[in-house]
Every structure is written in structure tokens, then in C-alpha cells.
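Student: just to be clear, the model below is a prediction. Sequence and coordinates:
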Amino acid sequence: MTIDFYWRLPTHGCHSSLRHGGYDRGDWSPLGTHNVAPGLDRQGRDDGFRYIDHLAEIARAAESAGFIGGLIPSFPNTDDPWVISPLLARATRTFRFMIAFQPGFLNPVHAARLSASLQRATGGRTVFNIITGGGGPAQLWWGDSFSHDDRYGRTTEFLDVFKGVWKGEGFTYDGRFYQVRDGGLSPLLSAEDLPEIWFSGSSDAALQSAAKHADHYLSWLEPFDQLTDKFARVKERTAALGGEQKCAVRVDLVARATEEEAWRDIKLGFENVDEARRRQSRGGPTDSVGAARQQALRPSEARRYEDLIVAPNLWGGFNLLRGGPALGIVGSYEQCAARLDELIARGADAFILAGTPHLEEAYRVGEEVLPLLGREAPALLRAAE
Ligand SMILES: Cc1cc2nc3c(=O)[nH]c(=O)nc-3n(C[C@H](O)[C@H](O)[C@H](O)COP(=O)(O)O)c2cc1C
């Protein structure tokens with residue numbers, strides 16, 4: 001069995017270290033002594049360097065370190081993945097671009113044509129992360145007032161239409177959200193491969209939609225038993241529809257030569273988080289089941305970094321250091337490999353990995369952790385337990 005490894009591309013700036021909080025790579029933070037890629041020189045003049053140049057460096061590093069592609073997230077504060085992808089395609093050779101997007105914001109026929117053109121231009125390197133939105137104020141920021149389950153209904157129909165028109169001419173669809181008469185991509189475009197569909201969301205509605213349309217069901221990292229259960233549920237639903245579901249996990253790693261070194265970085269990072277940030281990180285209003293599952297992992301009082309250790313090598317405070325999901329893996333290279341092996345044994349078929357800073361850590365994880373997979377797991381896991 002081949003396990004695909006993707007890297008994450010930080011489209012809203014990157015920290016130069018987890019030990020301190022600023023987005024000091026990119027122009028998201030004001031120019032300062034530590035900002036290395038803000039697009040401005042030390043006098044504050046435009047130096048001709050764009051953040052896309054930094055992303056291209058990360059994509060090239062990940063490509064040469066053995067990652068098959070990169071996830072390009074989409075949030076209100078990020079650059080747009082549809083724009084980033086073709087630019088990065090020109091800077092890499094085989095690297096695939098996993099475009100995160102909310103289907104409801106695009107017309108499915110236009111999205112199919114856009115994607116087929118992208119496939120033609122990049123030699124079939126487009127992959128999707130279908131996201132359906134976390135509700136609350138963030139959803140209204142996008143101008144979307146649909147309820148949680150209606151959003152998933154719309155996602156399902158979007159993918160019905162997207163796949164339908166891709167098959168070629170004479171496609172007709174009469175749904176609640178979309179109607180198409182005699183549609184279909186032109187032969188040149190429909191000859192391209194359909195982008196692989198990865199699908200994120202933890203609710204029942206998400207699992208149902210994923211079972212129908214996803215090639216990979218994608219989850220944030222959760223305690224391993226919880227994740228195993230979620231994978232089993234989505235695999236069961238897909239099997240009931242006559243299909244087979246692959247599952248994938250998005251995992252942050254702090255992998256160092258020794259376990260002590262890895263926890264030292266976490267400790268230093270944690271000690272630099274101020275109280276306001278700790279309160280903020282408990283999360284705003286959302287109807288996202290996935291976000292609620294992450295929030296449930298956070299104790300309301302965490303005085304020491306040790307309070308956030310969820311299981312051996314699993315730390316639940318990553319959201320404090322860099323935003324995003326809470327849980328990640330911390331340990332020696334061998335321990336990180338062993339934990340990934342354990343996830344594979346529990347049903348993971350693919351991974352999106354991340355580390356801070358994304359450029360250097362792409363090399364480190366590619367060189368030090370990935371080659372150990374499949375070797376050390378059994379003995380190390382026994383020792384840890
Ligand atoms: C691995 C992963 C990556 C995600 N990436 C994004 C993203 O880039 N942008 C976004 O708005 N939501 C993102 N999400 C959120 C989900 O797609 C989904 O909108 C959210 O979990 C609500 O659905 P739920 O109630 O079914 O969990 C991501 C979720 C996961 C698990």
C-alpha cells in the first residue's frame with residue numbers, strides 16, 4: 001500500500017519558530033527586525049519579493065523532500081488557493097496543489113471548467129480539499145447564511161453537477177440548489193482527469209456527503225481511538241453505497257533528534273503565549289462539529305505545557321502557538337514515525353503534515369521522519385505505553 005504525504009503551505013504567513021508568536025515570515029505582521037520575508041527592505045521600501053516567492057520556496061523544498069503535494073488552506077485571512085496554485089505550478093515539477101474551497105461560493109459548471117483548464121495547464125496536478133464552512137460570523141463574512149445541513153446539501157449537489165458536467169455533453173440536473181440543461185464540458189476539457197477529491201468535516205452531514213463523493217475523507221488529528229471510530233464510520237457509510245473510502249489525517253509535528261529537545265521547543269512556545277491569547281484560542285461561535293471536537297480537547301485551565309499532553313507524544317496546545325487545530329505530535333524522529341505508523345495501522349491512508357517554520361521543517365520531516373516509517377513502530381509504541 002502506498003501512503004501519500006502532503007505538506008501544508010502556509011497561505012497566511014509563517015512563524016520563523018514556534019517559540020515566539022509573530023507571523024514573521026510574510027507581510028501579515030508589521031515590518032520588524034525578525035521579519036525575513038515581508039516584501040519590504042529594512043528601510044521599508046518594496047524589495048520586489050512577494051509572499052508567493054516564499055511559498056514557492058516551501059513548495060520546492062517539500063517536493064524535493066518527498067512530499068507529493070501541498071494543502072493550500074482557505075480562510076478569510078489567506079490568499080486565495082485558486083490563484084496561488086497555478087503560480088506555484090510554474091515553480092515546481094510534479095508537486096500537486098490541494099485547493100481548499102467552499103463549493104457553495106462557486107458555480108459548479110464554472111468550477112468544473114476552471115479545474116479542467118488547470119488540469120490541462122499543470123499536467124493533472126489539481127487536488128481538492130472540499131470544505132463546507134464552520135458557520136457563525138465567519139460564514140457570514142463570506143456572505144453565506146445557509147444553515148449547517150443546507151450547506152452540506154449544497155456541497156453534495158455541487159459535486160453531483162461538477163462530476164456530471166465533467167463526463168461530457170448532454171448533462172441535465174434538476175436539484176434543489178442547481179439546475180443544468182444539456183450541459184457538459186467540451187471534449188478537450190472533459191478528457192482531463194477529474195481532480196482527486198479530499199473532503200473535510202466531522203458532522204453526520206459531512207460523513208454522508210463524503211461517502212458519496214470523496215476519494216479521501218480528511219480529518220484533523222484527534223485522540224487515536226476517536227479518530228479510529230470516525231474512520232470506521234465513514235468507511236462503513238461508503239461501503240453501504242458500494243464504494244471504498246480512503247482516510248487521511250492532517251498532523252502538525254515537532255520532530256527533533258531527541259524527545260527532550262522536542263518538548264523544550266513546546267515549553268518555550270507555551271511560555272511565550274500571553275493570557276489574552278490563551279482565552280481567545282478557546283474559539284468563537286461556530287456550528288462546526290469538527291471545531292467543537294477540537295475545542296473539547298482544550299482544558300479551560302492550562303498553566304503548564306504538560307497540562308495539555310493528551311497521550312504519549314500527543315500535545316493539545318498547537319492552536320495556542322499558531323492558530324488552527326489543537327492536537328499535534330511531539331517527539332524524537334523515531335517516536336514521530338512510530339505515531340504515524342500507528343495511525344496507518346488504525347486506517348490512515350494518507351497524511352497532510354506540517355511543521356514550523358514550513359520551509360526548514362519540510363526538509364527535516366522529509367529527511368528524518370519519513371524514512372523511518374514502517375521500521376521502529378512496534379518496539380517504540382510498547383515502550384511508550
Ligand atoms: C484537515 C481540515 C482542513 C480544513 N481546512 C479548512 C480551510 O482551509 N478553510 C475552512 O474554512 N475550513 C476548513 N476546515 C473546516 C471544515 O471543512 C468544515 O468546514 C468544518 O469542519 C465544519 O464542518 P463539520 O461541522 O462537518 O465539522 C478544515 C477541516 C479539516 C478537518
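Tutor: Here it is on my side, so go on.

Student: output the contacting helices and strands for the longest helix anywhere in the chain.
Tutor: Longest helix of the chain, by residue count under DSSP state H: helix 148-166. Packed against helix 148-166, as judged by 3 or more Cβ pairs under 8 Å, 6 or more residues apart in numbering; DSSP states H and E, are the following elements: helix 108-122, strand 171-174, strand 179-183, helix 204-213. The C-beta positions use only the backbone N, C-alpha and C, and glycine is treated the same way.

Student: that helix: how far from the chain's middle?
Tutor: Here the centre of helix 148-166 is set off from its chain's centre by 21 Å, with Cα atoms, centre = their mean, to the nearest Å.

Student: ok, now stretch 301-314?
Tutor: 23 Å.

Student: buried residues of that stretch, list them for me.
Tutor: Buried residues in stretch 301-314, counted by 16 or more other Cβ atoms under 10 Å: Ala302, Tyr305, Leu308, Ile309, Val310, Pro312, Asn313, Leu314.

Student: among the residues you listed, which are in reach of the ligand?
Tutor: Among those, proximity to the ligand is found for none (Cβ under 6 Å from any ligand atom).

Student: of those residues, which is the nearest to Lys163?
Tutor: Lys163 lies nearest to Leu314 out of the buried residues of stretch 301-314, by Cβ to Cβ, at 37.0 Å.

Student: and the closest residue to Gly201 other than its chain neighbours, how far is that from Ala338?
Tutor: Distances taken as Cβ to Cβ, 6 or more residues apart in numbering place Thr132 nearest to Gly201, at 5.4 Å, with adjacent residues excluded. As judged by Cβ to Cβ, to the nearest Å, Thr132 and Ala338 stand 33 Å apart.

Student: could you do Leu241 as well?
Tutor: 34 Å.

Student: those two - which one has more neighbours?
Tutor: Neighbour totals were compared for Leu241 and Ala338, and Ala338 leads with 26 against 11 (other Cβ atoms under 10 Å).

Student: for the stretch 251-385 of the chain, which segments count as strands?
Tutor: For the stretch 251-385 of the chain, applying DSSP state E, counting those that start in this stretch gives strands covering 309-311, 314-315, 328-332, 350-354.

Student: okay, now the sheet partners of the first one, with direction.
Tutor: According to DSSP bridges, the neighbouring strands of strand 309-311, each with its direction, are strand 314-315 (antiparallel).

Student: and for the longest helix of the chain, what's in contact with it?
Tutor: 102-104, 106, 108-109, 111-112, 115-116, 130, 132-133, 135, 139, 144, 146, 171, 173, 175-178, 180, 183-185, 190, 194, 197, 201, 203, 205-206, 208-209, 212-213, 287 (Cβ atoms under 8 Å, 6 or more residues apart in numbering).

Student: tell me the angle of that helix relative to helix 108-122?
Tutor: Angle, helix 148-166 to helix 108-122, by axes from the mean of the first three to the mean of the last three Cα atoms, to 10 degrees: 60 degrees.

Student: burial of Leu253, as a residue count?
Tutor: Applying other Cβ under 10 Å, I find that Leu253 has 27 neighbouring residues.

Student: that one and Gly328 touch, don't they?
Tutor: Yes: Leu253 sits in contact with Gly328 when judged by Cβ atoms under 8 Å, with a separation of 6.4 Å.
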